[in-house]
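In: Need a 3D model of the sequence below.
(2 chains)
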2 protein chains.
Amino acid sequence: MESMAEKQPSKIHQPPEIIVLGPPLVFRTYDKEFSSRFRVLRPWESPLPLPQFLAAEAQNTQAALVSGVVQLTAAVLHHLPSVRLVVTTSAGVNHIDLVECRRRGIAVANAASIFSVDVADLAVGLLLDVLRRISAGNRFVKTGLWPKQKSYRLGFKLGGKKVGIVGLGSIGLYVAKRLEGFGCAISYSSRKEKPSVSYAFCPDIRTLAANSDILVICCALTEQTHHMINREVLLALGKEGVIVNIARGAVVDEKELVSCLQNGEIGGAGLDVFENEPSVPKELYELDNVVMSPHCAVFTEESMRDVYELMCGNLEAFFSNKPLLSLLPEE
Amino acid sequence: MESMAEKQPSKIHQPPEIIVLGPPLVFRTYDKEFSSRFRVLRPWESPLPLPQFLAAEAQNTQAALVSGVVQLTAAVLHHLPSVRLVVTTSAGVNHIDLVECRRRGIAVANAASIFSVDVADLAVGLLLDVLRRISAGNRFVKTGLWPKQKSYRLGFKLGGKKVGIVGLGSIGLYVAKRLEGFGCAISYSSRKEKPSVSYAFCPDIRTLAANSDILVICCALTEQTHHMINREVLLALGKEGVIVNIARGAVVDEKELVSCLQNGEIGGAGLDVFENEPSVPKELYELDNVVMSPHCAVFTEESMRDVYELMCGNLEAFFSNKPLLSLLPEE
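Out: Predicted coordinates:
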């Protein structure tokens, strides 16, 4: 495709200008390297409120680098009249007003599937942790309980379990492939059946839950998937069932999840994402069958390097009128 | 093979007698079921010291069920003159004096490879936990640090890592198969090369460590493997290297391991086994890059059921002069 960059006024020795909103973790990690390649506008270092900062500094800025937790609303975009490219460092784009971007002719580039492997790995890690009680065992040993209590509670075998993958995109496929290697039986739900895979397709999420020992949530957060994992689905999963969510918190009705976990209506949960991050329901703090991580599924040294290079590649492609590396396809 | 059971005196309605030493966890879990199939001698419930108990009660007992943590020495066997079968609930048999068993014509049946899948799964779980900081992240979230500190330390990607498997028996093979699914490159050391596998063979453990990002210890504890993972091997693994031990504590020189971890000479460790269980080096309590479990790699509900059935199968085969299900082969 054609880049949407307008012809740059020729400013010799002047690197292209980008506005950074967030700033994303990858930006902080590679700040020096980014800053040697681009002229970086840093609203978070200014005493001005964001709208004033943008009005004063960013009226001609053509590209924005945006963290996955910043809400890029129509109101913010209104203050960035020249922006023609938004690069975000997340795979999900539910924080960006895509309709407004389209209306303004703004291309959006995301992290594509660069994080998918790491996210799938964390899903498996959380699942193994819940089933085999690893975090709880680590605490048992590190608090000196082992010599006192001698025996430790039995865990559960992963092999032979029926796993339902909710959303068979690149992350879901990597999760499925890994769990096949552990001897799990895979089925999935998805907007539509994937003819390229041999896993059993189950379009109805409640039926998928009823037929599964484990649900792994890998779908995007959309209006359709918001609170898709509700009380009815959780009860269908059942009291030995385990849920893993590495997608977005709001795919699950968190209040109902907490209640099901407190009452033993499901067996356990491995959660990297929550509805109101960084707030986490305190009721889960004391539950050994709940393992939580701070939305860090994508955060490895290696993926930060990879996404840094992808972001720079997108920005440089844009400024030299070349095709973007990870342009978000229009729906 | 022929069972070594002597002809039973015909005691109608009298179930066969077994002496239980330990008692193993599987015995405690299935005590009722075991006791309905066998007449069980229970030295741990007697006020008598073990030798006196055995002298009084077990002179005609032909079969012993022995936990994996009981030392079955020549001295103990001396008090069990009629025993012709020892069934142990562990895969490892380093707690049994095999030479003395052979001298006395005692057959030994172990858990064979019944636990291998669960042990391999825990190895992968510990490794993912160390690399992706899952236990530490769980603590970070559950102690309410997330909203205060916002960002969490980056972890490391599993994919692309070079993994050296130390000991390619059934556990090692399951670990290798699982880690292949995560995109790791596998090589291994072993007493001899396995022509049936395509992984690179590296007979020298120091060279294997030097060429690996991760070492997974899966070998038996023998005189040859005692402290095989010494300081030199750990330094060869290097300061970003991770070691996982689900074999036996004493395969690793624990004192050197602690020192390497404290000084950052290796990158992290996932440990299910220790030299002096249930004692664990207290220096490791505070290290987030060390994940420990209380020698629970085999302890799942499912494997307990499986080993219960195997143990009963061995005992019943013995008492009915049929071939044992998991006779330990003579070396």
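
In: contacting residues for the nearest residue to A:Asn314 once chain neighbours are set aside?
Out: Nearest in space to A:Asn314, with sequence neighbours left out and distances taken as Cβ to Cβ, 6 or more residues apart in numbering or on different chains, is A:Ala109 at 4.3 Å. The way it works is simple: take the backbone N, C-alpha and C, and place the C-beta from them, glycine included. Taking Cβ atoms under 8 Å, 6 or more residues apart in numbering or on different chains, we find A:Ala109 in contact with A:Leu85, A:Val86, A:Val87, A:Thr88, A:Met311, A:Asn314, A:Leu324, A:Leu325, A:Ser326, A:Leu327, A:Leu328.

In: same check, this time on A:Val273
Out: Counted by Cβ under 8 Å, 6+ apart, A:Val273 has contacts A:Asn245, A:Ile246, A:Ala247, A:Arg248, A:Gly249, A:His295, A:Ala297.

In: Show residues contacting stretch A:52-59.
Out: So stretch A:52-59 is contacted by A:Ile19, A:Leu41, A:Pro43, A:Ser46, A:Leu48, A:Val76, A:His79, A:Leu80, A:Pro81, A:Ser82 (Cβ under 8 Å, 6+ apart).

In: pLDDT of that stretch, averaged?
Out: The average pLDDT within stretch A:52-59 is 97.

In: Show the low-confidence segments of chain A, by residue range.
Out: A:1-13, A:331 (pLDDT under 70).

In: redo that, cut-off 50
Out: A:1-4, A:11 (pLDDT under 50).

In: can you list the domain ranges for it.
Out: For chain A, automatic domain parsing gives the domain ranges A:17-114+A:301-319, A:116-292.

In: re earlier: chain B next: which of the contacts of stretch A:52-59 are close?
Out: Counting by Cβ under 8 Å from any Cβ of the partner chain, the subset of those that neighbours chain B is empty.

In: Which one of these is nearest to chain B?
Out: Closest approach between these and chain B, by Cβ to the nearest Cβ: A:Pro43, at 17.5 Å.

In: so what's that closest one closest to, chain neighbours aside?
Out: Using Cβ to Cβ, 6+ apart, the closest residue to A:Pro43 is A:Phe53 (4.5 Å).

In: what about that neighbour, distance to chain B?
Out: 21 Å (Cβ to the nearest Cβ, to the nearest Å).

In: can you confirm that residue is in a helix?
Out: Yes - according to DSSP: H, G, I helix; E, B strand; the rest coil, the state of A:Phe53 is that of a helix.

In: Quick check: of the contacts of A:Ala109, which has the highest neighbour count?
Out: Neighbour counts for these, by other Cβ atoms under 10 Å in any protein chain shown, peak at A:Asn314, which reaches 29 neighbours.

In: Include distance to B:Leu271 when you put the domains of chain A into JSON lines, please.
Out: Converted to JSON lines, the domains of chain A look like this (distance: least, Cβ to Cβ, whole Å):
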{"stretch": "domain A:17-114+A:301-319", "distance to B:Leu271": "23"}
{"stretch": "domain A:116-292", "distance to B:Leu271": "9"}
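
In: what's the most buried one of the ones you listed?
Out: domain A:116-292 (a mean of 20; mean count of other Cβ atoms under 10 Å in any protein chain shown).

In: distance between the ends of it?
Out: End-to-end span of domain A:116-292 (Cα to Cα, to the nearest Å): 19 Å.

In: roughly how far out does that domain sit from the chain middle?
Out: 15 Å (Cα atoms, centre = their mean, to the nearest Å).

In: if we can go back for a sec, inside helices: which ones of the contacts of stretch A:52-59?
Out: A:Val76 (DSSP state H).

In: Need the phi and psi values for the residue nearest to A:Asn314.
Out: Main-chain torsions, A:Ala109, degrees, to the nearest 10: phi -120, psi 130.

In: same question, the one 3 residues further on
Out: When read as degrees, to the nearest 10, the backbone of A:Ala112 gives phi 50, psi -140.

In: List the residues that contact A:Leu325.
Out: A:Ala109, A:Ala112, A:Leu310, A:Gly313, A:Asn314, A:Ala317.

In: Contact partners for the second one?
Out: When you say that, I think you mean A:Ala112. A:Ala91, A:Leu310, A:Leu325, A:Ser326.

In: Any chance of CSV for those, columns secondary structure and distance to B:Gly270?
Out: Shown next, in CSV, are the contacts of A:Ala112 (DSSP: H, G, I helix; E, B strand; the rest coil; distance: Cβ to Cβ, whole Å):
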residue, secondary structure, distance to B:Gly270
A:Ala91, coil, 28
A:Leu310, helix, 31
A:Leu325, coil, 36
A:Ser326, coil, 34
